[in-house]
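S.K.: need a 3D model of the sequence below.
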Amino acid sequence: MTYRQIADGTAARAAVGECPPESRIPSYSQLSALYRVSIATAQRAGTVLHVKGVVYGEPGIAVFVKGHT
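M.R.: Numbering: from 1, shown residues only. You can find the predicted model right below:
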């Protein structure tokens, strides 16, 4: 699985409400274990989600799905 597949899947789940606004997405280590990829791949997927505006981070806390604007 590639970082784009992880990012696209997460974005799609957020778009249909499976990941509601303000919900946490799994940590990079959890994504790594879930998709059986390296943590670097999970981090890259997270970067894509940030750039696309799907998620936002609270440093030291978690990454959350953005609400619809």
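S.K.: using the three-state scheme, assign the closest residue to V54 other than its chain neighbours.
M.R.: For V54, ignoring the flanking residues on the chain, the nearest one in space by Cβ to Cβ, 6 or more residues apart in numbering is A11 at 4.8 Å. (Each C-beta comes from the backbone N, C-alpha and C, glycine too.) Look at A11: counting by DSSP: H, G, I helix; E, B strand; the rest coil, its state is helix.
S.K.: A11 contacts H50, doesn't it?
M.R.: No. Counting by Cβ atoms under 8 Å, A11 sits too far from H50 to count as a contact (11.2 Å).
S.K.: give me the more crowded residue out of these two.
M.R.: A11 (18 against 15; other Cβ atoms under 10 Å).
S.K.: so which bits of stretch 10-18 are buried?
M.R.: Neighbour counts over stretch 10-18 (16 or more other Cβ atoms under 10 Å) mark 10-11, 14 as buried.
S.K.: can you tell me which of those residues is nearest P20?
M.R.: Ranked by distance to P20 (Cβ to Cβ), these are led by A14 at 8.1 Å.
S.K.: my guess is the closest one contacts V65. True?
M.R.: Yes. The pair A14 / V65 is scored as a contact, 4.9 Å apart, by Cβ under 8 Å.
S.K.: return every residue with contacts to both of these two.
M.R.: Taking Cβ atoms under 8 Å, 6 or more residues apart in numbering as the contact rule, A14 and V65 both touch 54-55.
S.K.: so who does the residue nearest to V54 touch?
M.R.: Neighbouring residues of A11 by Cβ under 8 Å, 6+ apart: 49, 52, 54.
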